[in-house]
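> whatever this is, show me its structure:
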Amino acid sequence: MPTPVEFMQRYRRLRVRSAVDDPASRTCRETTHSVTLRNYFMMDWDEGTEELRDYRTVSRGSRSDIWFNQNKNRIRNAAMGKGAPRDYELALEWAVRANRVQTINQLNLQTFCDDHLGIDCSGFVTNYLIACGKRNYTDNAVRNTGAASYFQANRAVNDPNTIQQGDLLVWMDGNSVRRSPGHVAVVDSYVNQSVAGGNMRVVEATGSRHARPKLLSSMYAIERIIDPGRGVPAMILEVRRHGTSGSRVAVMRV
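Predicted structure coming up:
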């Protein structure tokens with residue numbers, strides 16, 4: 001079972017296979033390039049949006065191409081910002097096979113990835129839970145599980161002393177779960193004391209302008225703990241993240 005940081009690192013070491021002609025030996029050999037997924041991507045299905053153009057660029061394929069049809073669902077997961085690491089590898093391999101990357105080298109593959117691919121918060125969290133055996137894989141679960149759906153009062157962790165690796169942080173607006181869009185992240189480690197630089201390591205995919213890259217591990221500092229009761233459905237932590245205070249999160253265990 002990977003830790004959240006270990007799972008994040010898989011997205012930073014995507015392995016993309018391609019065939020390279022060797023004129024000297026008059027043979028074709030296979031080579032592998034390493035690509036890093038580093039952008040945030042939230043799918044927008046409205047016609048004319050950049051997100052929809054990127055989706056089509058990545059996922060467009062022929063019904064007659066056997067390899068594409070064997071892998072199209074995984075490629076589409078990645079194109080939606082909802083993929084597992086292997087899905088992004090397949091999406092990039094399809095870009096090579098479909099000649100969407102003209103000269104195959106490290107730089108051009110990374111540029112294609114940066115220009116067209118990314119991951120959103122619930123995409124990362126759902127695939128992490130699948131990798132840990134805590135959720136079953138289905139296309140529907142991967143593509144349609146939103147951040148807010150992870151808030152369930154009966155799964156709340158209401159004692160800060162029991163927060164553990166793999167717990168989820170679900171963003172709140174006041175005392176209610178945040179929606180449209182929400183946000184969810186994974187706890188990698190936590191110490192129940194004040195520590196310079198923060199006391200909770202968190203892994204997340206985020207569109208925050210202060211986050212670089214957008215899929216990252218960073219330290220949060222818990223600044224206030226609000227116990228459940230009187231309209232507060234679960235323990236809420238007020239945290240400082242990416243240098244900014246005021247985020248409110250509830251802790252969930254799946």
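> C-alpha only now, for contacts and for neighbours.
Noted.
> tell me where the model's unsure across this protein.
The chain contains residues with pLDDT under 70 at 20-28.
> can you pull out the strands in it?
14-22, 27-35, 168-173, 176-177, 184-190, 200-205, 215-226, 236-241, 244-252 (DSSP state E).
> Ala91 is nearest to which of these?
Judged by Cα to Cα, the one of the strands of the chain that comes nearest to Ala91 is strand 14-22, at 9.1 Å.
> can you put the strands of the chain in a markdown table and add distance to Asn69 and mean neighbour count?
Formatted as a markdown table, these follow (distance: least, Cα to Cα, whole Å; neighbours: other Cα atoms under 10 Å):
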| stretch | distance to Asn69 | mean neighbour count |
| --- | --- | --- |
| strand 14-22 | 18 | 16 |
| strand 27-35 | 22 | 13 |
| strand 168-173 | 35 | 23 |
| strand 176-177 | 39 | 19 |
| strand 184-190 | 32 | 24 |
| strand 200-205 | 29 | 25 |
| strand 215-226 | 29 | 19 |
| strand 236-241 | 42 | 22 |
| strand 244-252 | 37 | 21 |
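> out of the ones you listed, nearest to Arg76?
Per Cα to Cα, nearest to Arg76 of these: strand 14-22, 16.7 Å.
> before we move on, the earlier item: with distance to Thr145 added, can I get the strands of the chain in TSV?
Conversion of these to TSV gives the following (distance: least, Cα to Cα, whole Å):
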stretch	distance to Thr145
strand 14-22	24
strand 27-35	26
strand 168-173	13
strand 176-177	15
strand 184-190	11
strand 200-205	15
strand 215-226	18
strand 236-241	22
strand 244-252	15
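> what's the closest of those strands to Glu47?
Across the strands of the chain, closest to Glu47 is strand 200-205 (Cα to Cα), at 24.9 Å.
> strands paired with the closest one, and their directions?
Here strand 200-205 is paired, per DSSP bridges, with strand 184-190 (antiparallel), strand 215-226 (antiparallel).
> now that strand: how far from the chain's centre is it?
Centroid separation between strand 200-205 and its chain, computed with Cα atoms, centre = their mean, to the nearest Å, is 11 Å.
> so which residues make contact with it?
By Cα atoms under 8 Å, 6 or more residues apart in numbering, the list of residues contacting strand 200-205 from outside reads 4-5, 8, 40, 119-121, 124-125, 184-191, 214-222.
> would you list the strands paired with strand 200-205 in a markdown table and tack on distance to Val177?
Conversion of the strands paired with strand 200-205 to a markdown table gives the following (distance: least, Cα to Cα, whole Å):
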| stretch | distance to Val177 |
| --- | --- |
| strand 184-190 | 11 |
| strand 215-226 | 15 |
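> so which residues of the stretch 51-200 of the chain form helices?
For the stretch 51-200 of the chain, helices defined by DSSP state H, counting those that start in this stretch occupy the ranges 66-79, 85-97, 106-116, 121-131, 139-144.
> what packs against the last one?
When you say that, I think you mean helix 139-144. If contacts are counted by 3 or more Cα pairs under 8 Å, 6 or more residues apart in numbering; DSSP states H and E, helix 139-144 sits against helix 66-79, helix 121-131.
> for Ser59, which non-adjacent residue is closest in space?
Take Ser59 and drop its neighbours on the chain: the residue closest to it by Cα to Cα, 6 or more residues apart in numbering is Arg76, 5.5 Å away.
> quick one: contacts for the one you found?
By Cα under 8 Å, 6+ apart, the neighbours of Arg76 are Tyr55, Val58, Ser59, Ala91.
> relative to Glu47, how far out is it?
17 Å (Cα to Cα, to the nearest Å).
> repeat that for Arg178.
26 Å.
> quick one on the thing from earlier: so which of the helices of the stretch 51-200 of the chain comes closest to Arg248?
Each of the helices of the stretch 51-200 of the chain has some distance to Arg248 by Cα to Cα; the shortest is helix 121-131, at 16.1 Å.
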